[in-house]
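**Student:** The following block contains a protein sequence and its predicted model.
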Amino acid sequence: MTSHGGRRTQAERDAMTVEIGYALCSAAFAAAVVFGAVAGPALLFDLPDTPERLLLRAALVLTPVLFVARVVSVLLRFRSAAQPSQPGRTSPDS
């Protein structure tokens with residue numbers, strides 16, 4: 001994005017909106033997959049109480065942690081992606 005602190009263009013705002021949507025959707029998908037993988041056996045099979053509780057609690061702890069980590073990593077990667085100020089120019093020597 002712009003580093004000079006000026007107003008963002010409509011294209012930059014649109015790109016950020018798309019990136020936020022992607023971060024949220026991919027994080028929700030990843031969290032659902034992990035929840036299913038960890039808590040699935042406890043929900044599908046008749047397990048003893050202790051392993052069932054441990055699996056469910058582990059899933060309830062891992063899911064939000066993974067969700068937040070995925071959103072943060074996607075948004076930080078988007079923010080740090082350097083965009084050239086002039087298309088087609090890759091270095092000041094060009």
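**Tutor:** In hand now; what should we look at? Numbers count the residues shown, from 1 in each chain.

**Student:** quick one, strands of this structure?
**Tutor:** Remark: no strands are assigned in the chain by DSSP state E.

**Student:** mind checking the longest helix of it?
**Tutor:** Ranked by residue count, the top helix of the chain under DSSP state H comes out as helix 10-44.

**Student:** List the buried residues for it?
**Tutor:** Neighbour counts using 16 or more other C-beta atoms under 10 Å place 19, 23, 27, 30, 31, 34, 35, 38, 39, 42 of helix 10-44 among the buried residues. All C-beta spots, glycine's among them, are computed from the backbone N, C-alpha and C.

**Student:** Could you do stretch 55-72 as well?
**Tutor:** Buried-residue list, stretch 55-72, by 16+ other C-beta under 10 Å: 55, 59, 62, 63, 66, 67, 70, 71.

**Student:** Let's see which of those residues end up in helices.
**Tutor:** 55, 59, 62, 63, 66, 67, 70, 71.

**Student:** Wait, the fourth one touches residue 37, no?
**Tutor:** In this case it means residue 63. No. Applying C-beta atoms under 8 Å as the test, residue 63 and residue 37 come out as separate, 10.5 Å apart.
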